[in-house]
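>>> I would like the atomic coordinates for the input below:
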Amino acid sequence: MATPSHGFAPATGAAVVAGLLAALGGCGRDAAAVEAAAIERAGRGAAGQDRATWELLRAGGAPGQDSPTAGEDMALAYDAARHRLLLYGGKGDDDVNRNELWSFDLAAGRWQQIRADGPQPPPREDHSLVVDTANDQLVLFGGEDGDTSPATWTFDLRASRWQEITHRSAPALESHSAIYDPRGKRMVVFGGMRQIDGKNDLGEETWILCLDQRSPQYATWSELPVATPHPAPRREHRGLYDPVRHRMLVFGGRQRSSASYLRDVWVLDLASSTWREVPTHGDPPNPIRQMALGYDPDSDALTVFGGEVLTFMAGHDHSKKEVLVNLVWVLDLHTGCWEDRTPYPPPMYDHAGLFVPEYGATLIYGGSSPRPAKKEHATWLLHTPAAPRRSETSSKR
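Sure, this is the predicted structure:
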């Protein structure tokens, strides 16, 4: 498991999970049930853990050779037919936008740049990318490299060739979310920062790009009529396709001010073209933007990782501050229950700890953390295996 950049980094995923998690809340479970589950996990070890674990697939290496040149604000899509991921654009270490297309081979665990002859899309950030499975092509839309763009491009995945299909009906958007609707043969886009008459504003519109090549409307855009209820205007949110219920799911983001981060969950029924908010409970993320989402249809679970949260600073004034996090949350879409699955405690101070010989580990209890109006009451074990000792010869050098 990769070592987290902050917080308590366990030696293995099971090391902390197998510790005492007394009084750690859960969806629909009382403290006794949670404690019993913790003891059961301790007996099962790593195979039975229900916390997050990490595996480093490939180190970054040399950007532009071992990994994509861009490391920020790129767009990623899944090419299921070829068992690979596709990545376009984003910023490099020099903060310059790129127009490179890369693939990640899921079997080999290796990145490779895809080079194509002919016209190329311009450098982009804050754009969207989907795989149009009906036409076996990649669709690139919007983003910016100075000005917000309506540009729409396709990449033929068999011929490795780009083609611009921008239509005059295309909206100029950045920091939006987009999915591919396989039944409707269309791209669905929600929200983002729009540009109208040279001015930027937040969008609450839902846009449809026709990708049915047999239709005379191919490559044209239309706006879904706005009905109530619908999500508030936002940018820097995330969206994905739920194949189980044939719908688009939208989560989080921000509005205009730094105090207007969001953590609501909305779904667009793609058959009826209606929005509704998903009621949730449990232990949700703080209001958050620019996070990563993943949906597992087998477990019907939405996973959220990282991003920038609006957190309430510990102390008497409970002031708000934007903080980067490496936390993990999971939303059970069947029950609407959020759970914090981060495999280590939250940042904290004023907690208590001491080494316990019976456990061979340091026990941590309580603390004050950035979570609003809440002290920490969980009990953790922190295992820190001894580093290999240097030989007597090397120690004399």
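>>> pLDDT-wise, which helix or strand of this protein ranks last?
helix 13-17 (a mean of 26; mean pLDDT, DSSP states H and E).
>>> any idea how far residue 261 is from the residue sitting nearest the centre point of the chain?
When Cα atoms, centre = their mean is applied to the chain, the residue found nearest the centroid is residue 292 (0.7 Å). Residue 292 sits 16 Å away from residue 261 when distances are taken as Cβ to Cβ, to the nearest Å. To be clear about C-beta, it is placed using only N, CA and C from the backbone, and glycine gets the same treatment.
>>> what's the answer for residue 95, then?
From residue 95 across to residue 261, the span is 24 Å (Cβ to Cβ).
>>> confirm that residue 107 sits in a helix.
No. Per DSSP: H, G, I helix; E, B strand; the rest coil, residue 107 lies outside any helix segment and is coil.
>>> which residue is the nearest non-sequential neighbour of it?
Of all residues not flanking residue 107 in the chain, residue 83 sits nearest, at 6.1 Å (Cβ to Cβ, 6 or more residues apart in numbering).
>>> what residues are up against the one you found?
105-107 (Cβ atoms under 8 Å, 6 or more residues apart in numbering).
>>> now rank those residues by neighbours and give me the top one.
residue 106 (15 neighbours; other Cβ atoms under 10 Å).
>>> show me what the residue nearest to the centre of the chain bridges to in the sheet.
Taking DSSP bridges as the rule, residue 292 bridges to residue 305.
>>> quick check: pLDDT value at it.
If you check residue 292, the pLDDT there is 92.
>>> now do residue 283
For residue 283, the predicted pLDDT is 90.
>>> if I read this right, it contacts residue 338, doesn't it?
Yes. Using Cβ atoms under 8 Å, residue 283 is in contact with residue 338, at 5.4 Å.
>>> and residue 203, how far from residue 232?
Taking Cβ to Cβ, one finds residue 203 at 11 Å from residue 232.
>>> among these two, which residue is more densely surrounded?
Remark: of residue 203 and residue 232, residue 203 carries more neighbours, 24 against 14, as counted by other Cβ under 10 Å.
>>> hang on, isn't that one packed against residue 192?
Yes. With contact defined as Cβ under 8 Å, residue 203 reaches residue 192; the gap is 5.2 Å.
>>> what touches both of those two?
Jointly contacting residue 203 and residue 192 under the rule Cβ under 8 Å, 6+ apart are 173, 176, 235.
>>> what about the residues you listed, which are in strands?
residue 173 (DSSP state E).
>>> tell me what residue 268 is bridged to.
Taking DSSP bridges, one obtains residue 248, residue 275 as the residues bridged to residue 268.
>>> find the nearest non-adjacent residue to residue 204, please.
Nearest residue to residue 204, sequence neighbours excluded (Cβ to Cβ, 6+ apart): residue 233, at 4.0 Å.
>>> do you know how far the one you found is from residue 200?
Residue 233 is 12 Å from residue 200, by Cβ to Cβ.
>>> which of the three states applies to residue 122?
Under three-state DSSP, residue 122 comes out as coil.
>>> what residues does it make contact with?
99, 145, 149, 151.
>>> farthest pair in those?
Spatial extent of the contacts of residue 122 (Cβ to Cβ) is set by the pair 99 and 149 at 12.2 Å.
>>> A helix includes residue 362, no?
No. Assigned with three-state DSSP, residue 362 falls outside any helix and is strand.
>>> which residues are in contact with it?
Neighbours of residue 362 in contact, by Cβ under 8 Å, 6+ apart: 353-356, 381-382, 384.
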